[in-house]
Every structure is written in C-alpha cells, then in structure tokens.
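Chemist: Below are the sequence and a predicted model; questions follow.
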Amino acid sequence: MRHLLLALLPCAANAETLTVMTYDSFVSEWGPGPAIEAAFEAECGCDLRFIAPGDGAALLARLKLEGTRTEADVVLGLDTNLMAEAKATGLFAPHGQTPALDLPVDWTDDTFLPFDWGWFAFVHRTDLAPPTDFEELAASDLRVVIQDPRSSTPGLGLVMWVKAAYGDRAPEIWGGLADNILTVTPGWSEAYGLFTEGEADMVLSYSTSPAYHLLAEGDDTKAAAIFTEGHYLQVEVAAKLANASPLADRFMDFMLTPAFQQAIPETNWMYPAAGPDPFGDLPKPGKTLTLTPDEAASLRAEAIAEWQAALSR
C-alpha cells in the first residue's frame, strides 16, 4: 500500500490547476465554494483553487489592476451592473455556449454566463412593521445597514435600485434615507453580521435571505420587506479569461450542471440560473426592476455620486 501511495503522489502533485477568482462569502465554510470545489475536482481530476479579494465589486477592481498578469482563469461573481465595464477591459473570451437558463429576463450575452440570480431586499425582524417603499423607510426611525457600492455588488445594486425606481428623484430619496443608515460596510458579510447581532433593524440583502434562517436555523423571525415600487434584479455571472487554461471551458460547462446548480440555493441562498424554483413559498416582488449592462454602466457613476453626496452632508 505504501508503494502504491508513493506511486500516486507525483500524479497528484502534477494535477492541472484551475484558478477561480470570486467573492469572499462564496468560499466561506458555509458558502457554495467547498462543495463545488469537491464536485469539480472529482470530475476533472484537477486542482480547483479559489482566490477571493473581497466582495463582488472588488473583483473587477482587482482584475483591472492585474490585467493580463492575473493568475485567474475564471472570474465568478460579477453581475449585470459590472458586465459592460468588465467586457471593455478586453480580458475575457466568449463562452461559446447556448445555455438553457431559468431567469426572469432573456439572456443573450456571449461572454458572461449566469450562475444564480435574486432580488435585492431589506431583511428585518418580524417583530417590526416593515416599510412598503423607500419613502416610507426614509420617514421612519429604522436603523439600516448597507454596503459600499464601490466594493460590493449588493451596495451597487442598492444605488441602481433607487436610480431605476426614482430616476431624477434619486438624490431626494437618498437625502431622506441618510439618517436611517447606521453604517456602510465594505461587503455583504460584515453588514449581515451586524444585523444578526442586533445592531440594526434592517440590512440590505436579498428576498431569499430569510430562507437561510428558516431552513438552516429553524428561525422564522426574519423576513424581507416587499416594496411597492419593485425590486432590483441581480444576475450573478462568470466568464473565462482570454488566456485561461483549457480547464476553464470545462468549468464553465460544469457551472450549469446539477452538481453546481443544486449547491446554490442552500449555500449561496439565491435562485439557481438553471433549475427549478427552490423557494416557492417565499414572497416575491410584484415588479422586477432591471437595467441593461450598458444602461447600468452609463448610470453607475451618477448613482454612486448621489449616494455619496447624501451621506456626506
């Protein structure tokens, strides 16, 4: 047996490595990363390595800094708000697929493939009466934790949500919300931790977040406030780098298989991009708000500036 193990060691040591850049909560012990790593390595006989520089929006900043020197083969965790800017770097290659997807919007992009999606929402304890729109939230004395739109895709999603819902009135809405915001965190994990520790009444997250508390903890004291003006849609995507290992194509194929997609609902707590609705009993928004990648790119700087101006007063 010892001789057999020694014979196998060179093969294991020389296994081809695929490097995937993603966000930190994806690779946490409770995120989908560990299960996906094990499943893909069992299929490919390779070494899947994750690197996580921060929250979702930090991925693009890291990638633009590294350029063609990046060690990543695949970037997983950008979204439609960042796609146009990411594509403009020229660092990505087409995925070459015609995927069968289950999304609330049509998908035709030839470079970025969705792996999950969800609606942004404010999660609250069920012992308080939630607001029914942003204006009602602004008029309340509720304490809210949000994420920074410059480093976090949920944070960016919030400023785009306000922009999509209110257009030119967005600065007015932010002005009203400013005194409700307890703090702004770099990423989702920090913000959600403050909420679960009782530091805030509400936290920016997703309409699916209460499913975690119910299914994983048996806790039915959390809910998502459903807003009458609609909820902004996030579609999370992955893409391969132009100089990626051939394993990148295999991973992109794997990403839409049941082995990957079935790990998403109860680890990332989002809707899978290819598969049935696992959260059928959860309340859903009556209206979906969305912007195309080009629209989001054109409005991003303005939306962030409006948020900054309101919070710096």
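Modeler: Yep, it's here.
Chemist: dump the residue contacts of the nearest residue to Gln261 once chain neighbours are set aside.
Modeler: Nearest residue to Gln261, sequence neighbours excluded (C-beta to C-beta, 6 or more residues apart in numbering): Pro272, at 4.2 Å. Quick note: C-beta positions are derived from backbone N, CA and C, even for glycine. Shown in contact with Pro272 (C-beta atoms under 8 Å, 6 or more residues apart in numbering): Asp102, Phe115, Asp116, Gln261, Gln262, Ile264, Pro265, Pro278.
Chemist: any idea how far Pro272 lies from Gly187?
Modeler: The gap separating Pro272 from Gly187 is 23 Å, by C-beta to C-beta, to the nearest Å.
Chemist: ok, of the contacts of Pro272, which come out buried?
Modeler: Phe115, Asp116, Gln261, Gln262, Ile264, Pro265, Pro278 (16 or more other C-beta atoms under 10 Å).
Chemist: the helices in the stretch 101-250 of the chain, which residues?
Modeler: Under the criterion DSSP state H, counting those that start in this stretch, helices of the stretch 101-250 of the chain are mapped to 134-139, 153-166, 170-177, 188-196, 209-217, 247-254.
Chemist: picking that back up, can you lay out the buried ones among the contacts of Pro272 as JSON lines showing pLDDT?
Modeler: Putting the buried ones among the contacts of Pro272 into JSON lines (pLDDT from 0 to 100) gives the following:
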{"residue": "Phe115", "pLDDT": "98"}
{"residue": "Asp116", "pLDDT": "98"}
{"residue": "Gln261", "pLDDT": "97"}
{"residue": "Gln262", "pLDDT": "96"}
{"residue": "Ile264", "pLDDT": "97"}
{"residue": "Pro265", "pLDDT": "97"}
{"residue": "Pro278", "pLDDT": "95"}
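Chemist: and those, which two are the farthest apart?
Modeler: Distance extremes for these: the farthest pair is Phe115 and Pro278 at 14.4 Å, using C-beta to C-beta.
Chemist: who touches the closest residue to Lys287 other than its chain neighbours in this structure?
Modeler: Distance criterion C-beta to C-beta, 6+ apart; nearest residue to Lys287, sequence neighbours excluded, is Gly230 at 3.3 Å. By C-beta under 8 Å, 6+ apart, Gly230 lies in contact with Ala164, Ala165, Pro285, Gly286, Lys287, Thr288, Leu289.
Chemist: following the lowest-mean-pLDDT helix or strand in the chain, which helix or strand comes up?
Modeler: Least confident helix or strand, the chain: helix 2-13 with a mean of 38, by mean pLDDT, DSSP states H and E. Going down the chain from helix 2-13, the next helix or strand is strand 17-21, by DSSP states H and E.
Chemist: Buried residues, that following strand. List them.
Modeler: Neighbour counts using 16+ other C-beta under 10 Å place Leu18, Thr19, Val20, Met21 of strand 17-21 among the buried residues.
Chemist: what's the distance between the residue nearest to Val27 when sequence neighbours are not counted and Tyr23?
Modeler: Leaving aside its sequence neighbours, Val27 sits nearest to Gly33 (C-beta to C-beta, 6+ apart; 3.7 Å). According to C-beta to C-beta, Gly33 stands 10 Å off from Tyr23.
Chemist: Quick check on those two: which one has the bigger neighbour count.
Modeler: Tyr23 (27 against 24; other C-beta atoms under 10 Å).
Chemist: Just the CA trace of the longest strand belonging to the chain, in PDB.
Modeler: Counting by DSSP state E, the longest strand found in the chain is strand 113-125. The C-alpha trace of strand 113-125 is given here as PDB (Å, rounded to 0.1, in the frame of the first residue of the first chain):
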ATOM      1  CA  LEU A 113     -22.800  33.100 -18.100                       C
ATOM      2  CA  PRO A 114     -25.200  33.400 -15.200                       C
ATOM      3  CA  PHE A 115     -24.800  31.000 -12.300                       C
ATOM      4  CA  ASP A 116     -27.500  32.500 -10.000                       C
ATOM      5  CA  TRP A 117     -29.900  35.400  -9.500                       C
ATOM      6  CA  GLY A 118     -32.100  37.100  -7.000                       C
ATOM      7  CA  TRP A 119     -33.900  40.300  -6.000                       C
ATOM      8  CA  PHE A 120     -32.300  42.800  -3.600                       C
ATOM      9  CA  ALA A 121     -34.400  43.400  -0.500                       C
ATOM     10  CA  PHE A 122     -34.200  44.700   3.100                       C
ATOM     11  CA  VAL A 123     -34.300  41.900   5.600                       C
ATOM     12  CA  HIS A 124     -35.900  42.700   9.000                       C
ATOM     13  CA  ARG A 125     -37.100  41.100  12.200                       C
END
